[in-house]
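Enquirer: the sequence and its predicted three-dimensional model are supplied below.
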Amino acid sequence: MLTADAEPALRALITRHEGRRHFAYRDSLGILSIGVGRNLQGRGLADDEIDLLLANDIALAHRICSQHFGTAFETASWRRQAALISMAFNLGAPRLAGFCQMHRAILEGDWQRASAEALDSRWARQTGHWAQEIAAMLRRG
């Protein structure tokens, strides 16, 4: 049985052998992997790992919205915040920043116009029913 003192050394050994990658890659056998030798094809991710990734990505999307929309976001209803977080999650900061007219409408408190601007986008055409749901959340609060 490994002692708690030995675990850091084991982690360092395996990381040195496997390498540490922040993006998916093909290992020496061509197997899609990520992190420290995680075989995504054979093992994939456990539910708790997926939940951790999701929680981290939601937290990032929340920060994006707080920075991008400021007080208008922080004082919005939970449903409007959720709609914007979902957009930030899907789009990321750079693409969300491209919604200039929607941004302006939100800062002015015009959620009807913000909803319409969200729908008047390539994102809405690509996401279909998702965009409809997000726009309704923005509109209704």
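Expert: All right, it came through fine.

Enquirer: any idea how far residue 89 is from residue 60?
Expert: 8 Å (CB to CB, to the nearest Å). The C-beta positions use only the backbone N, C-alpha and C, and glycine is treated the same way.

Enquirer: how about residue 114?
Expert: 17 Å.

Enquirer: neighbour-wise, which of the two wins?
Expert: A direct count of neighbours by other CB atoms under 10 Å for residue 114 and residue 89 places residue 114 higher, at 28 against 17.

Enquirer: buried stuff in the helix or strand containing that one?
Expert: Element membership of residue 114, judged by DSSP states H and E, is helix 111-119. Within helix 111-119, the residues that count as buried by 16 or more other CB atoms under 10 Å are 111, 113-119.

Enquirer: among those residues, which pair sits farthest apart?
Expert: 111 and 119 (12.8 Å; CB to CB).

Enquirer: ok, and the closest non-adjacent residue to residue 101?
Expert: residue 117 (4.4 Å; CB to CB, 6 or more residues apart in numbering).

Enquirer: now do the contacts for the one you found.
Expert: Residue 117 is in contact with 99, 101-102, 105, counting by CB atoms under 8 Å, 6 or more residues apart in numbering.

Enquirer: want to throw those residues into JSON lines with distance to residue 50, secondary structure and pLDDT?
Expert: Converted to JSON lines, these look like this (distance: CB to CB, whole Å; DSSP: H, G, I helix; E, B strand; the rest coil; pLDDT from 0 to 100):
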{"residue": "99", "distance to residue 50": "28", "secondary structure": "coil", "pLDDT": "98"}
{"residue": "101", "distance to residue 50": "35", "secondary structure": "helix", "pLDDT": "98"}
{"residue": "102", "distance to residue 50": "30", "secondary structure": "helix", "pLDDT": "98"}
{"residue": "105", "distance to residue 50": "34", "secondary structure": "helix", "pLDDT": "98"}
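
Enquirer: highest neighbour count among the residues you listed?
Expert: residue 102 (25 neighbours).
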